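**Q** Okay, sequence plus prediction incoming.
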Protein chains: 4
Amino acid sequence: MQLGIVGLGRMGGNIARRLKKAGHDCVVWDRNEAAVQELGGEGNRPAGDLTDLVAKLDAPRAIWVMLPAGGPTEMTIATLAGMLSPGDVIIDGGNTFYKDDIRRAAELEPKGIHYIDVGTSGGVWGLERGYCMMIGGTKEAVDRLDPIFAALAPGLGEIPRTPGREERDSRVEHGYMHCGPAGSGHFVKMVHNGIEYGLMQAYAEGFEILKKKNSDALPENERFTLDMADVAEVWRRGSVVSSWLLDLSAIALTKDEHLSDFPGEVADSGEGRWTVMAAIEEAVSAEVLSAALYTRFRSRQDHTFGEKLLSAMRFQFGGHTEFKSK
Amino acid sequence: MQLGIVGLGRMGGNIARRLKKAGHDCVVWDRNEAAVQELGGEGNRPAGDLTDLVAKLDAPRAIWVMLPAGGPTEMTIATLAGMLSPGDVIIDGGNTFYKDDIRRAAELEPKGIHYIDVGTSGGVWGLERGYCMMIGGTKEAVDRLDPIFAALAPGLGEIPRTPGREERDSRVEHGYMHCGPAGSGHFVKMVHNGIEYGLMQAYAEGFEILKKKNSDALPENERFTLDMADVAEVWRRGSVVSSWLLDLSAIALTKDEHLSDFPGEVADSGEGRWTVMAAIEEAVSAEVLSAALYTRFRSRQDHTFGEKLLSAMRFQFGGHTEFKSK
Amino acid sequence: MQLGIVGLGRMGGNIARRLKKAGHDCVVWDRNEAAVQELGGEGNRPAGDLTDLVAKLDAPRAIWVMLPAGGPTEMTIATLAGMLSPGDVIIDGGNTFYKDDIRRAAELEPKGIHYIDVGTSGGVWGLERGYCMMIGGTKEAVDRLDPIFAALAPGLGEIPRTPGREERDSRVEHGYMHCGPAGSGHFVKMVHNGIEYGLMQAYAEGFEILKKKNSDALPENERFTLDMADVAEVWRRGSVVSSWLLDLSAIALTKDEHLSDFPGEVADSGEGRWTVMAAIEEAVSAEVLSAALYTRFRSRQDHTFGEKLLSAMRFQFGGHTEFKSK
Amino acid sequence: MQLGIVGLGRMGGNIARRLKKAGHDCVVWDRNEAAVQELGGEGNRPAGDLTDLVAKLDAPRAIWVMLPAGGPTEMTIATLAGMLSPGDVIIDGGNTFYKDDIRRAAELEPKGIHYIDVGTSGGVWGLERGYCMMIGGTKEAVDRLDPIFAALAPGLGEIPRTPGREERDSRVEHGYMHCGPAGSGHFVKMVHNGIEYGLMQAYAEGFEILKKKNSDALPENERFTLDMADVAEVWRRGSVVSSWLLDLSAIALTKDEHLSDFPGEVADSGEGRWTVMAAIEEAVSAEVLSAALYTRFRSRQDHTFGEKLLSAMRFQFGGHTEFKSK
């Protein structure tokens, strides 16, 4: 099946590669010409620009946009909207805010252009393991592109089947889900990332409690010498907390139990923030997801104004002197 | 290898069964005679009381106590201490507070009795999948009992190996770890459970945000109709949030997407609380683990006094009337 | 000085009363005719409708809109915008989202109409104690209305002066502050309310810990019989936690130490939510303000879907049965 | 009335001074001889050592121990216990854990020695404003020492009376409360400090949100130039968030709006930690008090191991490189 791909970064490039392996015919473009050449050299059809990409596809076309959310995606979709014909499909595979999907689908609908939003999880492992996809859009467009989604998805693999799914949508077991209308794919992906933050922070706190139990600051009879890598490894086997994130933690801790290469300043993306905002809109008490987000905020800051104010109050009422050493 | 087992509840009974399958020779006792008969009928040697159990084992003996933490475990170990000989081993496989382990080991040491604490994860799935074990105690005693631990553990299974473990303790990859001296096994298990609470709460909040997005209370154009069971299932395939807890969530949600059989009052055990207390002792900022614990507290309460006080303040300053309807 | 007042609810009515006492000339209107009559009977000039209200004021006019945020305020300001002349001032004294203020000020500016946003704290006590006001808008307009603000504000009172304020804007010490351009008044008020939630929740948690220490569920030798009203009262005298909210708590607890009239379902307004959203936009780790908001969410809900999912997972992995009693 | 005072630090010294002003007769001792000399020079009776202090008091004696909680207090009380006679009273005015009070009172009771625990709030302002006192102990001992408590307390002052207190214990309105048996005074004081942490953190977060709204990092049209000192000041006048802590914030912010002298590393004392532990023991969901405590933990740490683990996981699944710059 033909697919245009715009944006050949790590995600877009690997999507093309995985589709190529499955025998699909990808026309690829990126403003970075080297990336186009590289993917072209692997058997995909390179395009010279967006116009060329559109021209190289037979109608009804399908174009997968895999760009940073916000400006780049927005502008590319607007440009494509002017070039495409009724029946064509634009797929946004990036990390777009779901309300933007809803708006765009409504804007494209009068032109007869379908809009599909695909939340994609799998990171750098996706090329090998396949991508878990959460898809929003019209039934017609999602069904038409099924061969693409099927090729990108992980498939059944060796994961044990969940009992009772026999009568249910089998695509889901292959790792892709048509969640509902435009926006619903990115909504589910957004919450997915919110959960991801929470899971990561749960492990982070637990390992920190373990690590500090080894601290020289403790009296010798209260101290252990727990091996962080071994703990992560043993929990991978039959314990309640086993997970893919734990597998990855085990890999990292086995390389360096002290994680000394990592400074501990942790980025956050839109999705973690939007998840908390969605929780607030819905009046959901999202303590854990918020706390996980806030930890990342704090990790990137030197002492906050709030902390200084705490010291200032303490000085005022108690004469506690937490002054800067000069 | 011979092992005495005291306490034949779900955990103790299944431990005997798994050891029996591996060819070990278990002498079993429980104050519930029916349980003794049942296990006896499966080929284990039944004991009439603790004295009989001790008598039926050859020195140096090893006795696994699998009872509720606190009183029952404490008393049984005290009784056994009076019956055993130098070189014997008492194993506490329950959910004991790690500081109690340290105390007990110190009390037994002058008598030459070894004390081993085993944190055991795996729940009702352990019989089939094997138990993940975190073990504290002297090297001598832990090494001597290795055949027991090896039989209970899940083993390598089909789980991908973590790169770089070639030179490391291979027991860990089989699902059991000698964490350090007495207490360290239960300490690691305690933190394990703290993490478990955090992971569970992350999923709980995420699914609640998804579920509320289906709510009739939302305007139709802001509402989706997300299928909870499908979301859980699709995330099992190649996504960053895949885990065993997610597998279990998928099973539960596939049975009943609304989880109507569950009232939502969630118990908490000592380990969740002790983990937060350990964090406080170590000055670790354990936001997520605390929030997960507090959610459970709140889930079991009707409106709190604190909430009433909020209403009372609001009435005082703003005339907001959040009174009881009479 | 002349002032039009639209909206004669508790806040709007008391503002008119406080201005009347200070000798100002208020033209008042509300869609509830009885309210207009009542205020008219107290010496204010009643208007028959918005047109009449505008007609009864001399140019340059100033009209204070004191209506629920959102639709009612938005429509009233839009209507007034069509009736007013260059140099007139519209004041929004309600709880408007500050970004709406910025938008409105920009819309009115080409017409020469000034827009002032006033965040007003003081609740039902404002008539007697005066209102604390946080004001956004052009210097010209804010300065022109100074007699109005001065009359509404509490004034210096008997509150001890803060050392070092001699050279600073004296309006602030009288209880009103020109915070900056349009929107800044409501922004400061928004954060004020966010803090208010946090303060309230701190007291709520503390008193709940005290109250539960009296619980019959505790063993007798771990139990106290602390008097809630006395604790609140004693803290009003010289303690670090004394505050107006504590004064109000003392009043409420003295009336009924058990607060039995309050069901404990606590409303939240836009400002608490917006404060957390602003924190997220700014990457501020607002743990306490979020937690205070979430408590209110949870207080209004029966068992959440998230809590049911926790039970469902526990049943799956451990056979823990937290089922509904039938 | 006679009172022995052991410990002449900031608190102990000022207690002696305030009692002296009220005409009481204090015998004072501290291991720091200069402090004894200084207080002696102000008209108190200096003691050479504990034995001398006891000898200089008429039976039944009362001795106020005002030392750091833990070792120093514990040892002093043990020493005094050996020197005192039936009917004498030991008062612990420090920050003792309430369970230690309960233990000590039980130990002293067979000797006929009374034990009183006094939680004291007021900090460096207490000499001038008086101390708010929360008192635990037997009725007999607390009543006997009433003149001492009355002299130390702030008294009615000009604080508005709470309606409905006419029939209630009038000591409370004077700023001291007999909370119940030994331990109850420090329990109430412990919760007081927990609340204090929560209140402080609420202000800290709010002011941080305000401050960041001034940030150069924001686009000019989204930025304000809010004056931190003015905001604190205006809220002191008639707003819902007025409090003594806000008064102190206003003083600090007026001195230096940027609080540049404060590094932002904030100490925490036992009471904040114990409050959270008490909440956990009682199953109270103490989100705000915990979060306030955790902020202080985090403020004193460089990047945590948990944060590094987050980066490590992100690198593993997404190739996100949050490495140390070399």
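**A** Sure, I can see it.
**Q** and residue A:48, that one's in a strand?
**A** No: with DSSP: H, G, I helix; E, B strand; the rest coil as the criterion, residue A:48 is assigned coil and is not in a strand.
**Q** Excluding chain neighbours, what is closest to it?
**A** residue A:29 (7.6 Å; CB to CB, 6 or more residues apart in numbering or on different chains). Every C-beta, even on glycine, is put in place using the N, C-alpha and C of the backbone.
**Q** what's the one you found in contact with, if anything?
**A** When contacts are counted by CB atoms under 8 Å, 6 or more residues apart in numbering or on different chains, residue A:29 touches A:4, A:5, A:6, A:8, A:36, A:46, A:47, A:48, A:49, A:50, A:52, A:53.
**Q** Would you agree residue A:80 is in contact with residue A:54?
**A** Yes: between residue A:80 and residue A:54 there is a contact under CB atoms under 8 Å: 7.3 Å.
**Q** Hmm, residue C:282 and residue A:273 touching each other?
**A** No: taking contacts as CB under 8 Å, residue A:273 lies outside contact range of residue C:282: 10.8 Å.
**Q** Give the residue from these two that has the larger number of neighbours.
**A** Taking other CB atoms under 10 Å in any protein chain shown, residue A:273 and residue C:282 do not tie; residue A:273 has more neighbours (23 against 18).
**Q** ok, the more buried one to chain D distance?
**A** Distance of residue A:273 to chain D, given as CB to the nearest CB, to the nearest Å: 15 Å.
**Q** so how far is residue A:219 from the spatially closest residue to that residue that is not a sequence neighbour?
**A** Counting by CB to CB, 6+ apart, the nearest residue to residue A:273 once its immediate chain neighbours are dropped is residue C:280, at 5.0 Å. Separation of residue C:280 from residue A:219 (CB to CB, to the nearest Å) stands at 41 Å.
**Q** Neighbour count: those two, which is higher?
**A** With neighbours defined as other CB under 10 Å, residue C:280 and residue A:219 compare such that residue C:280 has more, 23 against 6.
**Q** On the three-state scheme, that one is what?
**A** At residue C:280 the chain is in helix, as set by three-state DSSP.
**Q** Can you verify my assumption that it contacts residue A:279?
**A** No: in this structure residue C:280 lies outside contact range of residue A:279 using CB under 8 Å: 10.8 Å.
**Q** State the distance from whichever residue of the stretch 151-300 of chain A sits closest to chain D to residue A:250.
**A** Using CB to the nearest CB, the single residue of the stretch 151-300 of chain A nearest to chain D is residue A:264, 2.8 Å away. In this view, residue A:264 and residue A:250 are 19 Å apart by CB to CB.
**Q** the more surrounded of those two?
**A** More neighbours surround residue A:250 than the other of residue A:264 and residue A:250, with 26 against 22 (other CB under 10 Å).
**Q** Please see if the longest strand seen in chain A touches chain B.
**A** Ranked by residue count under DSSP state E, the longest strand found in chain A is strand A:114-121. Yes: Strand A:114-121 is in contact with chain B by CB under 8 Å from any CB of the partner chain, via residue A:121.
**Q** how about the next helix or strand after that strand as CSV, C-alpha atoms only?
**A** Note on strand A:114-121: by DSSP states H and E, the next helix or strand toward the C-terminus is helix A:126-129. Output in CSV follows, covering the C-alpha atoms of helix A:126-129 (Å, rounded to 0.1, in the frame of the first residue of the first chain):
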residue,chain,number,x,y,z
GLY,A,126,9.4,0.3,17.9
LEU,A,127,11.3,-0.7,14.8
GLU,A,128,12.0,-4.0,16.3
ARG,A,129,9.1,-4.6,18.6
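**Q** Would you mind listing the buried residues in helix A:126-129?
**A** A:126, A:127, A:129 (16 or more other CB atoms under 10 Å in any protein chain shown).
**Q** what about the first one, distance to chain D?
**A** For residue A:126, the distance to chain D equals 10 Å [CB to the nearest CB].
**Q** Give the full set of residues in contact with the residue nearest to that residue when sequence neighbours are not counted.
**A** Counting by CB to CB, 6+ apart, residue A:14 is the residue found nearest to residue A:126 once chain neighbours are left out, at 5.9 Å. The neighbours of residue A:14, taking CB under 8 Å, 6+ apart as the test, are A:124, A:126, A:127.
**Q** So stretch A:299-316, near chain D or not?
**A** Yes: Stretch A:299-316 reaches chain D (CB under 8 Å from any CB) through A:299, A:302-316.
**Q** List the ones among those that fall in helices.
**A** Counting by DSSP state H, the part of the residues of stretch A:299-316 next to chain D found in helices is A:299, A:305-316.
**Q** quick one: the strands in chain A?
**A** Under the criterion DSSP E, strands of chain A are mapped to A:2-6, A:25-29, A:45-46, A:62-65, A:89-92, A:114-121, A:132-136, A:176-180.
**Q** where does the spatially closest residue to residue A:186 that is not a sequence neighbour land on pLDDT?
**A** Of all residues not flanking residue A:186 in the chain, residue A:98 sits nearest, at 4.2 Å (CB to CB, 6+ apart). Here, the pLDDT recorded for residue A:98 equals 98.
**Q** same thing with residue A:173?
**A** Per-residue confidence at residue A:173 stands at 97 (pLDDT).
**Q** Touching, it and residue A:160? I think so.
**A** No: here residue A:173 does not reach residue A:160: they are 10.9 Å apart, not a contact under CB under 8 Å.
**Q** if we can go back for a sec, next, count neighbours for the closest residue to the residue of the stretch 151-300 of chain A closest to chain D other than its chain neighbours.
**A** Using CB to CB, 6+ apart and skipping residues adjacent in sequence, the residue nearest residue A:264 is residue D:303, 2.8 Å away. For residue D:303, the neighbour count with other CB under 10 Å is 15.
**Q** How about the contacts made by residue D:303?
**A** Here residue D:303 is in contact with A:263, A:264, A:265, A:299 (CB under 8 Å, 6+ apart).
**Q** Need the phi and psi values for the closest residue to residue A:154 other than its chain neighbours.
**A** Using CB to CB, 6+ apart and skipping residues adjacent in sequence, the residue nearest residue A:154 is residue A:130, 3.0 Å away. Per-residue torsions, residue A:130: phi 90, psi 160 (degrees, to the nearest 10).
**Q** Thought residue B:237 was touching residue A:130, still the case?
**A** Yes: using CB under 8 Å, residue A:130 is in contact with residue B:237, at 7.4 Å.
**Q** Settle it for me: which of these two has more neighbours?
**A** Between residue A:130 and residue B:237, counting by other CB under 10 Å, residue B:237 is the more crowded of the two (26 against 22).
**Q** I'd guessed that one sits against residue A:132; true?
**A** Yes: Residue B:237 is within contact range of residue A:132, at 5.3 Å (criterion: CB under 8 Å).
**Q** list the residues that contact both of these two?
**A** Common contact partners of residue B:237 and residue A:132 (CB under 8 Å, 6+ apart): A:153, A:154, A:175.
**Q** which stretches of chain A aren't confidently modelled?
**A** Applying pLDDT under 70 to chain A flags residues A:323-326.
**Q** Quickly note the distance from the residue nearest to the spatial centre of it to residue B:230.
**A** Centroid-nearest residue in chain A, with CA atoms, centre = their mean: residue A:121, separated by 5.1 Å. For residue A:121, the distance to residue B:230 equals 15 Å [CB to CB].
**Q** What residues does the stretch 151-300 of chain A have near chain C?
**A** The stretch 151-300 of chain A comes close to chain C at residues A:240, A:268, A:273, A:276-277, A:280-281, A:283-287, A:290-291, A:293-295, A:297-298, A:300, as judged by CB under 8 Å from any CB.
**Q** Thanks again, I'm all set now.
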